[in-house]
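1. okay, here's the prediction I keep looking at, along with the sequence it came from:
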Amino acid sequence: MEAADDSRGGRPRRSMCSRDLELQEFPNKYVIRSMDPELPHHAFSISRSDGAIQLLTGDPNIETHVKVSSIYGVVGILRLLTGAYVLVITSREEVGSYLGFPIYRAKSLKFLSCTEALETSEARAFKLDEGRFCKPLWKQADPRYIWNRSLLEDLIEHKVRGSIPLLWEQIVDLSYKPIIRIIEHEETTKVVARHFNDLIQRYGAIIAVDLTNNNGDEGQLSCAFASEMEKLPQVRYVSFDFHHHCAKGNFDNLQVLYDEIIEDVHKQGFFLIDAEVVLLEQSGVVRSNCIDCLDRTNVTQSYLARKSLNSQLQQIGAFSSSDCISMFGDIHEMFKILWAEHGDEISLEYAGTHALKGDLVRYGRQTIAGLFKDGITALSRYYLNNFQDGLRQDALDLISGRYDINRSSHPLQPRDSLSYVPVASALIIGGLTVTSFSLNQGRHPQNFLSSALLAGLAFGVMAAVKANGRQLCSRPRFCGLL
């Protein structure tokens with residue numbers, strides 16, 4: 001719930017948000033009321049019968065039997081086949097601050113049920129003063145910031161992550177690295193140009209750093225990306241094969257990349273404000289990508305962020321020309337932890353696991369414990385990508401509004417293919433068991449023929465599983481694939 005303040009003395013307009021709200025649950029409606037002394041009498045109600053939203057004014061008239069509880073925000077409205085649900089935040093924790101304002105993380109939500117669909121057209125009509133009425137977060141914010149990772153990126157450092165803006169697919173099929181297929185389309189050039197023109201309009205000059213491999217499937221995608229970037233002379237494109245240059249965890253080789261772009265990075269500058277007076281403005285960003293924009297991207301961005309921070313502190317006089325944050329143990333440790341946890345949070349949102357190569361960010365080197373952790377994480381990602389990702393994608397499509405609920409037809413029908421995990425696991429484990437048994441029996445001459453047949457059968461089963469990998473993997477059912 002928010003209202004807009006008038007600008008005074010040349011200061012920019014600033015929104016006022018209620019940090020503490022009160023939820024009143026009546027038999028026929030829900031009432032959400034501001035508890036902020038600076039925003040008295042700001043409240044609205046949601047009917048339990050038809051979902052109508054009404055702006056309330058004046059002092060509350062609370063009945064004695066009403067249920068009252070504290071909440072900390074309204075996430076938005078979720079429409080399902082069973083009706084509409086209002087999502088409210090019931091607990092939170094402070095995780096940091098930005099410009100003196102606390103940053104909170106929602107710890108738990110509560111679903112408030114309405115028997116009929118909410119009248120969103122009425123919800124959009126109501127406003128508080130010159131500001132906005134309580135809207136779903138995806139309406140209040142720029143669409144790019146609906147994901148938690150984008151919010152974190154904007155708070156930590158002015159850098160942009162973005163996948164390769166071509167039309168391409170990588171469909172799970174039980175392979176550890178599924179084949180990448182580039183989709184040829186006549187609109188590809190326009191799509192790439194529109195993407196980067198949008199970035200230029202928002203941020204200014206763009207340095208596009210491509211961290212993908214220069215060989216294999218990734219190499220073909222990288223070449224296609226480079227070919228399209230040649231048509232955009234206003235964007236500085238840099239190809240940097242991360243796995244080649246930083247083989248065996250040689251993190252310091254990122255200096256080669258920094259040396260290549262340092263002049264353009266310095267031209268972009270940084271934002272500096274003192275006593276509410278803007279002294280410097282940033283005129284561009286570094287846009288980095290690998291394939292999934294997680295592990296390699298996070299390592300690279302943390303390195304560039306450290307270099308940028310050193311340069312900024314030197315320019316404002318906090319550091320001498322020979323100083324760097326690595327000379328200040330406490331500050332450097334906080335910086336590394338910040339970027340390591342930042343990478344983990346983004347990876348959890350996107351892949352369901354912590355980031356790989358976290359040791360390079362946290363310690364500046366690869367450790368034995370880190371290698372073991374990366375191995376466990378890689379196995380977890382393999383399982384989630386192949387057997388859980390379809391469900392996660394359906395949830396994202398539903399929450400983001402990409403999929404519209406339709407009572408007449410919905411995709412939640414029994415799948416034609418076999419069930420994912422039980423069947424795939426049974427066939428693979430069974431194949432390994434039979435193979436082991438056949439090899440043991442094969443040591444005896446009298447059982448050689450039967451052992452060979454059993455081994456052949458086992459490998460045949462495993463080959464059939466691999467050949468039908470796409471049917472065994474979890475696929476999105478709401479919006480499907482390209």
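-> Good, I have the coordinates.

2. list the buried residues in stretch 381-398.
-> Residues of stretch 381-398 classed as buried by neighbour count (16 or more other CB atoms under 10 Å): 381-382, 384-387, 389-390, 392-394, 396-398. Using the backbone N, CA and C atoms, a C-beta is placed for each residue, glycine as well.

3. now, the most widely separated pair of those residues?
-> Spatially, the most separated pair among those is Y382 and L398, at 25.3 Å (CB to CB).

4. could the buried residues of stretch 381-398 go into TSV alongside secondary structure and distance to S283?
-> TSV is the format used below for these (DSSP: H, G, I helix; E, B strand; the rest coil; distance: CB to CB, whole Å):
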residue	secondary structure	distance to S283
R381	helix	37
Y382	helix	42
L384	helix	40
N385	helix	39
N386	helix	44
F387	helix	46
D389	helix	38
G390	helix	42
R392	helix	37
Q393	helix	37
D394	helix	41
L396	helix	34
D397	helix	36
L398	helix	39
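
5. nearest to Q268 among those residues?
-> Nearest to Q268 among the buried residues of stretch 381-398 is L396, at 32.4 Å by CB to CB.

6. model confidence at that closest one, what's the number?
-> According to the prediction, L396 has pLDDT 84.

7. so what's it up against?
-> The contact partners of L396, by CB atoms under 8 Å, 6 or more residues apart in numbering, come to R402.

8. and what of the one 3 residues further on?
-> Remark: with contacts taken as CB under 8 Å, 6+ apart, I399 is in contact with L78.

9. and it, that one's in a helix?
-> Yes. The assignment for I399 is a helix, going by DSSP: H, G, I helix; E, B strand; the rest coil.

10. still on that earlier bit, name the nearest of the buried residues of stretch 381-398 relative to S69.
-> Nearest to S69 out of those is L398 (CB to CB; 26.4 Å).

11. so what's the closest one up against?
-> Contacts of L398 were listed using CB under 8 Å, 6+ apart, and they are L78, F478.

12. residue ranges with poor pLDDT in the stretch 351-482 of the chain?
-> For the stretch 351-482 of the chain, the stretches flagged by pLDDT under 70 are 406-428, 430-432, 434-455, 458, 480-482.

13. one more time with 80
-> 364, 400-401, 404-462, 464-466, 480-482 (pLDDT under 80).

14. mind listing the helices for it?
-> Secondary structure of the stretch 351-482 of the chain by DSSP state H, counting those that start in this stretch: the helices cover 358-362, 368-387, 389-400, 420-441, 448-467, 469-472.

15. any chance of the buried residues of stretch 381-398 in JSON lines, plus distance to K107?
-> Output for these, formatted as JSON lines (distance: CB to CB, whole Å):
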{"residue": "R381", "distance to K107": "26"}
{"residue": "Y382", "distance to K107": "30"}
{"residue": "L384", "distance to K107": "23"}
{"residue": "N385", "distance to K107": "27"}
{"residue": "N386", "distance to K107": "30"}
{"residue": "F387", "distance to K107": "28"}
{"residue": "D389", "distance to K107": "25"}
{"residue": "G390", "distance to K107": "27"}
{"residue": "R392", "distance to K107": "21"}
{"residue": "Q393", "distance to K107": "25"}
{"residue": "D394", "distance to K107": "24"}
{"residue": "L396", "distance to K107": "21"}
{"residue": "D397", "distance to K107": "25"}
{"residue": "L398", "distance to K107": "22"}
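
16. can you tell me the SS state at Y303?
-> Secondary structure, three-state DSSP: Y303 is helix.

17. hang on, isn't it packed against Y258?
-> Yes. Contact criterion CB atoms under 8 Å: Y303 and Y258 qualify, at 7.1 Å.

18. who has more neighbours, those two?
-> Taking other CB atoms under 10 Å, Y303 and Y258 do not tie; Y303 has more neighbours (22 against 15).
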